[in-house]
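Q: got a predicted model here, sequence first, then my questions.
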Amino acid sequence: QAQLVESGGGLVQTGGSLRLSCAASGLAFSSYAMGWFRQAPGKEREFVAAITWRGISTIYADSVKGRFTTSRDNAKNTVYLQMNSLKPEDTAVYYCAAGQYLRWGDLPANNLYNYWGQGTQVTVSS
């Protein structure tokens, strides 16, 4: 049974950094594109960043471009989200998701992902 487990969330001040990790098990990790999404209270889940299954290409939401970086280690079945220059508007529950063989253009579409983690809370204080 496939499982995704996020970690690394927490409370940080504006301008600080956090690194989220998402460990995958029970799936052929190297064949899955990995995405990061977030959901703030009262808002819909939104796309943050994603990386293709080979790790060659990435894509970011405009709101995080230049501040967040996603990467993957297929040997460890883990994907990362490095978040720098955090802002209060980045406060949300962050989810990782796995989508098999998704193409670059499909990465922001949350309905195309097969598996989801339980989420980790990120809170940025002003």
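A: On my side now, so go ahead.
Q: residue closest to the middle of the protein?
A: Nearest to the mean C-alpha position of the chain, counting by Cα atoms, centre = their mean, stands residue 36 at 2.2 Å.
Q: could you check how far that residue is from residue 78?
A: Distance of residue 36 to residue 78, computed by Cβ to Cβ, to the nearest Å: 13 Å. Where C-beta positions appear, they are placed from N, C-alpha and C, glycine not excepted.
Q: same question, residue 125
A: 28 Å.
Q: those two - which one has more neighbours?
A: Of the pair residue 125 and residue 78, residue 78 is the one with more neighbours under other Cβ atoms under 10 Å, namely 18 against 11.
Q: now the more buried one: closest residue in space, sequence neighbours ignored.
A: Of all residues not flanking residue 78 in the chain, residue 23 sits nearest, at 5.1 Å (Cβ to Cβ, 6 or more residues apart in numbering).
Q: phi and psi next, for that neighbour.
A: Residue 23 adopts backbone torsions of phi -100, psi 130, taken as degrees, to the nearest 10.
Q: for residue 86, same thing?
A: Torsion angles, degrees, to the nearest 10, at residue 86: phi -70, psi 150.
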